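Chemist: structure for the following, please:
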Amino acid sequence: MAPELAPWDPAGPTEVQRLFARQPAPWWVAGGYAVELAAGRRLREHGDIDVLLLRRDQLAVQQALAGWEWWAADPPGTLRPWRRGERLPAGVHDIWCRRNADSPWRIQVMLDESAGDDWVSRRARHLRRPIAEIGGRTADGIPFLVAEIQLFYKAANPRPKDEFDFAAVLPSLDAAQRRWLAEAISTTCGAHPWLSALVPADAPRDPA
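Modeler: Numbers count the residues shown, from 1 in each chain. Prediction:
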């Protein structure tokens with residue numbers, strides 16, 4: 001079976017926490033699970049689980065998942081074995097991980113950029129946040145990507161599950177989160193259907 005056709009049996013956030021606690025680099029649960037952890041309740045079923053690391057810390061994946069198989073997704077999406085100690089270039093930001101060739105995929109790792117103490121969006125380099133501010137943490141200590149950043153990534157080409165995630169977590173976003181997400185979407189996507197929900201028509205606007 002070609003590796004990209006192998007089935008998924010995603011690890012849960014608690015298992016991910018146990019695995020990645022073995023290494024010191026910062027990491028965050030991302031994707032739909034991040035939205036769910038931010039909302040603080042179960043929202044839907046998940047076909048995979050995403051874990052975000054900074055590109056500079058990419059080799060921490062090999063440390064955390066020692067003995068596993070790691071496959072890099074070379075653009076436009078061809079999987080190939082990721083060699084031990086190999087540093088993936090900026091164009092490659094997706095790593096699929098499984099225990100062995102006979103096992104289903106368990107974890108998908110996403111690599112994002114950084115500059116000094118700042119996180120830098122891989123899709124829009126003008127979007128930056130202090131690394132210390134891009135994550136939240138559940139009551140039992142699971143780190144997750146803050147909802148507004150995850151929703152920004154989902155906004156580029158929203159699928160039905162992304163629309164569901166946006167609607168589910170929108171009520172829990174505070175004013176600062178809504179402003180950041182609205183600005184991020186408007187400066188990268190232009191007109192977008194989520195903007196009307198983030199910025200009501202009667203909301204005060206900054207003077208031109």
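Chemist: can you tell me how far residue 77 is from residue 33?
Modeler: Shown here: residue 77 relative to residue 33, a distance of 21 Å by Cβ to Cβ, to the nearest Å. In this view, the C-beta of every residue, glycine as well, is placed from N, C-alpha and C.
Chemist: neighbour count winner among the two?
Modeler: Taking other Cβ atoms under 10 Å, residue 77 and residue 33 do not tie; residue 33 has more neighbours (24 against 8).
Chemist: surely that one meets residue 49?
Modeler: Yes: judged on Cβ atoms under 8 Å, residue 33 makes contact with residue 49 at a distance of 5.5 Å.
Chemist: quick one: common contacting residues for these two?
Modeler: Shared contacts of residue 33 and residue 49 (Cβ atoms under 8 Å, 6 or more residues apart in numbering): residue 13.
Chemist: what does the pLDDT read for residue 203?
Modeler: Residue 203 is assigned 51 on the pLDDT scale.
Chemist: secondary structure element holding residue 178?
Modeler: helix 175-189 (DSSP states H and E).
Chemist: which other helices and strands does that helix contact?
Modeler: Packing contacts for helix 175-189, counted by 3 or more Cβ pairs under 8 Å, 6 or more residues apart in numbering; DSSP states H and E, involve helix 147-155, helix 195-198.
Chemist: so for the lengthiest strand in the chain, mean pLDDT?
Modeler: Determined from DSSP state E, the single longest strand within the chain is strand 107-115. Averaged over strand 107-115, pLDDT sits at 97.
Chemist: many thanks, I have nothing further to ask.
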